[in-house]
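> attaching a predicted model along with its sequence, questions to come.
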Amino acid sequence: MDPERARELLAQERDRIERALGGLRHTDTGEEADEFDPANLGSDLYQDELDEGLAEGLRAELAAVERAEARLAAGTYGLSIESGKPIPDERLEALPTAERTAEEEAAR
């Protein structure tokens with residue numbers, strides 16, 4: 001894959017992830033907590049835990065982008081970290097952070 005195209009794809013991926021992370025910040029509705037209404041408290045707790053789970057997944061995706069950027073800088077982007085075989089451009093277009101060929105990933 002052309003390094004410039006790879007940079008573009010990775011930048012788009014980074015931007016998507018960072019926007020998603022920014023959108024997960026807890027927003028205060030201004031509504032006072034009602035200690036006598038456990039549904040109110042439960043709803044906030046559920047949303048906070050859901051957001052934290054989503055943020056954890058997004059942070060893992062961001063780490064994958066950083067690893068891909070490092071491979072790009074090292075000249076190994078587009079090669080499997082497992083076998084060194086080329087990862088098809090079609091796979092990298094769909095998943096710019098791919099670290100293995102589809103066959104290697106399926107065998108994991």
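Alright, I've got the coordinates.

> can you count the residues close to Ala106?
8 (other C-beta atoms under 10 Å). In this view, the C-beta of every residue, glycine as well, is placed from N, C-alpha and C.

> name the helix or strand for it, please.
Secondary structure assignment for Ala106, by DSSP states H and E: helix 102-107.

> list the buried residues of that helix.
Glu104 (16 or more other C-beta atoms under 10 Å).

> over to stretch 57-74?
Neighbour-count burial for stretch 57-74 [16+ other C-beta under 10 Å]: 58, 61-62, 64-65, 68-69, 71-72.

> for Glu13, which residues are in contact?
By C-beta atoms under 8 Å, 6 or more residues apart in numbering, the contact list for Glu13 reads 61, 65, 96-97.

> wait, which of these is closest to Arg7?
Distance ranking of these against Arg7, using C-beta to C-beta, places Pro96 first at 9.7 Å.
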